[in-house]
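> This is the structure alone, sequence omitted:
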């Protein structure tokens, strides 16, 4: 049988189908039948490879965190000047959220559940420790070089960066109606990224946000953003 010849391929197809299903319908609304059909599998194969629906959901959630942490490790922040490193982290976080809306949907679902399922994970905390240390090292270098005025808690710093992006994107539909502008147009997205970067760097450096004007922002933002 096909699943016996390629069990890992089948497992990956199940996880991808499950990610899309949970992102679209949440845990309560997700249907194992739809996941199996979209993975070209059947329920028996699904239970064999990943267990029940809650086990599958947790594995999808862990995989979502593994993916973003793995991509963050490629940013090479340790070899950048501290302000440029922080700007690249902001740029990456913003664009990752834009490219992976299902990640935001999964976070919303799990927060509504008060992290009930994530608390069962034996992997998630260990994933985040190296990432926190990477940010701590950038901040420490920034203070030592005089670029940053004081050390800040790396966890608080990352939560602030993620929060500035997450709230905007998660609430873009209602905010667009309230303020009468399309917040997902390219020029609006570019303006938001520049604003977030200037805001965070101003807080770290003690400079006015005016210091981080359009020209300065263009120099700091990553090649990925320049290509978008």
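That came through fine. Worth saying up front: this structure is predicted, and the values here are computed from it rather than measured.
> Would you mark the buried spots in the helix or strand containing residue 126?
Assessed by DSSP states H and E, residue 126 sits inside helix 124-145. By neighbour count with 16 or more other Cβ atoms under 10 Å, helix 124-145 contains the buried residues 124, 131, 134-136, 138-139, 141-142. Glycine gets a C-beta too; all of them are placed from N, C-alpha and C.
> Ok, stretch 16-26 next?
Buried residues in stretch 16-26 (16+ other Cβ under 10 Å): 17-23, 26.
> same thing with stretch 110-117?
110, 117.
> Quickly find the element holding the residue lying closest to residue 50 once chain neighbours are set aside.
Among residues not flanking residue 50 along the chain, residue 56 sits closest, at 4.6 Å (Cβ to Cβ, 6 or more residues apart in numbering). According to DSSP H and E, residue 56 maps onto helix 53-72.
> mind putting the buried residues of helix 124-145 in TSV, distance to residue 200 and pLDDT included?
Output for those, formatted as TSV (distance: Cβ to Cβ, whole Å; pLDDT from 0 to 100):
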residue	distance to residue 200	pLDDT
124	25	89
131	17	90
134	16	94
135	12	96
136	16	96
138	12	97
139	11	97
141	16	97
142	12	97
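> would you turn the residues you listed into CSV with distance to residue 30?
As requested, the buried residues of helix 124-145 are exported to CSV (distance: Cβ to Cβ, whole Å):
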residue, distance to residue 30
124, 20
131, 28
134, 34
135, 34
136, 37
138, 38
139, 39
141, 44
142, 43
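> Which member of these is positioned nearest residue 179?
residue 135 (31.7 Å; Cβ to Cβ).
> Next up, the contacts around the closest one.
77, 89, 154, 157-158 (Cβ atoms under 8 Å, 6 or more residues apart in numbering).
> what about the helices in the chain?
2-5, 7-29, 32-38, 43-50, 53-72, 82-99, 101-112, 124-145, 154-170, 172-179, 186-205, 214-220, 223-227 (DSSP state H).
> mean pLDDT lowest for which of those helices?
Lowest mean pLDDT of these: helix 223-227, a mean of 47.
> ok so, going back, okay, the helices of the chain, which one's buried deepest?
The highest mean neighbour count among the helices of the chain, using mean count of other Cβ atoms under 10 Å, belongs to helix 82-99: a mean of 21.
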